[in-house]
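*Asks:* sequence plus predicted model, see below.
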Amino acid sequence: MSHSVELADIGMTFGTTRAVSDVSFKVQAGEFFSILGPSGCGKTTILRMIAGFIQPTDGRVLIGDRDMVGLGPDKRPTAMIFQSLALFPLMTVWENIAFGLEARGMPRAERRKKAEDLLQLIALDGYGDRMPGELSGGQRQRVAIARALAVEPSVLLLDEPLSALDLKLRQHMRAELRDLQKRTGVTFIYITHDQSEALAMSDRVAVMSNGVLQQVETPRQLYDNPATPFVARFVGETNALSGTITQVQDGIATIETALGVLHGRAGHGAATGTQGTIYIRPEALTPTVTAANTLSAQIQRVDFEGSFALVHGQFDDGAALAASIPSTRLAEAPEPGTRASFSFATEHAVVLADG
């Protein structure tokens, strides 16, 4: 049975350092929820407070609507998977999976049966008598997940568990983790600094910066409608051009930049007469010229990425250009060293107030 997890104005102070400041959000039971942010932003501290390894300086952690104040990790309906996995090298795979059950006094035969059921769940039937050193990185990852699931947690906490894997294996494990979460129905709270990981797997994502919660939304909403300048810059690639917002009308903001007057959707805080920035995703820029929203840049290089080419350049005000061109339209990609113009649709850009 999965549980919800609610953070109510939690904060954490270490000495004179405020690691987490007044964070509130609720993870629904059975949800795959990710906490995304750069190193040092407070995301692992939040996970450790949920697990009970540290107690918040202020605020409350509720699991299944029950206040966890004063309860240690062994008294909470949670299990945690660390980045290092921490499998026991001298125990077999099934013994690793059943370790928590042994500590609870379950008889050996029952432990073995439970381990075999979990091996089937993670598609490692027949691997029970192998040693961890005989497994691949992805297989060891699955064993660590099975060990956490063996104690039947209501909430599974995962602290950057895929960071040590190579790119192909990470991508494969993303799909496996998401599928496993759906099949078990356990609430997953996943920590990562990798945007693509969070966007690909999660039902919702919380973005953190310097201990402050920036936004909680679905992956699509985070990408399309960032609420703050930090989210706009951190989640995915973007082109950012600053200026003065001269008009906001019918949900559209006009901003006067060093490169000319541009138009985009009016985002959070956009108001006439204030300083703001227009954010344009690389895929929104096309190498065509329109009557409005056209930009010119000096092209520095074109990186072929397989399914698309990423055009890098510099605008006249020194800002960086990044434009994405599908591989089916590579003939339209400008040559390095030339000057090129790009346009974008108003609805594909967002204007946010600075600060």
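*Replies:* Everything's here; your move.
*Asks:* how's this protein carved up into domains?
*Replies:* 5-224, 237-353 (automatic domain parsing).
*Asks:* now those domains as TSV including distance to F230, mean pLDDT and mean neighbour count?
*Replies:* (Glycine included, C-beta is placed from N, CA and C.) Formatted as TSV, these follow (distance: least, CB to CB, whole Å; pLDDT from 0 to 100; neighbours: other CB atoms under 10 Å):
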stretch	distance to F230	mean pLDDT	mean neighbour count
domain 5-224	5	91	18
domain 237-353	10	93	17
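*Asks:* among those, which is nearest V231?
*Replies:* Closest approach to V231 among these (CB to CB): domain 5-224, 5.0 Å.
*Asks:* for the longest helix along the chain, the distance to its chain's centre please.
*Replies:* Once the chain is assigned using DSSP state H, the helix that runs over the most residues is helix 167-184. Relative to its parent chain, helix 167-184 has a centroid offset of 14 Å by CA atoms, centre = their mean, to the nearest Å.
*Asks:* contacts for it?
*Replies:* Here helix 167-184 makes contact (CB atoms under 8 Å, 6 or more residues apart in numbering) with 32, 121-122, 137-138, 141-142, 145, 149, 156, 158, 162, 165, 188, 190, 194, 197, 200-201.
*Asks:* the residues you listed in helices, which ones?
*Replies:* Filtering the contacts of helix 167-184 for helices - DSSP H - leaves 121, 137-138, 141-142, 145, 149, 197, 200-201.
*Asks:* out of these, which one sits closest to P89?
*Replies:* Closest approach to P89 among the ones in helices among the contacts of helix 167-184 (CB to CB): G137, at 14.5 Å.
*Asks:* let me see the contact set for that closest one.
*Replies:* Contacts of G137 (CB under 8 Å, 6+ apart): 164-166, 169.
*Asks:* tell me how far it lies from A144.
*Replies:* According to CB to CB, to the nearest Å, G137 and A144 sit 11 Å apart.
*Asks:* what helix or strand is R147 on?
*Replies:* Taking DSSP states H and E as the criterion, R147 maps to helix 137-150.
*Asks:* residues contacting the residue nearest to M49 when sequence neighbours are not counted?
*Replies:* Closest residue to M49 apart from its sequence neighbours, by CB to CB, 6 or more residues apart in numbering: P56 at 5.1 Å. Shown in contact with P56 (CB under 8 Å, 6+ apart): 10-12, 20, 49.
*Asks:* tell me which of those residues fall in strands.
*Replies:* Among the contacts of P56, DSSP state E puts 10-12, 20 in strands.
*Asks:* before we move on, the earlier item: name the SS class of the residue nearest to M49, please.
*Replies:* Assigned state for P56: coil (three-state reduction, DSSP: H, G, I helix; E, B strand; the rest coil).
*Asks:* from N210, how far out is it?
*Replies:* 17 Å.
*Asks:* all helices for this protein, in order.
*Replies:* Using DSSP H, the helices found in the chain span residues 43-51, 93-97, 99-103, 108-121, 137-150, 167-184, 195-201, 219-224, 229-234.
*Asks:* mind putting those in a markdown table, distance to T272 included?
*Replies:* Shown next, in a markdown table, are the helices of the chain (distance: least, CB to CB, whole Å):
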| stretch | distance to T272 |
| --- | --- |
| helix 43-51 | 36 |
| helix 93-97 | 61 |
| helix 99-103 | 60 |
| helix 108-121 | 57 |
| helix 137-150 | 52 |
| helix 167-184 | 43 |
| helix 195-201 | 32 |
| helix 219-224 | 24 |
| helix 229-234 | 19 |
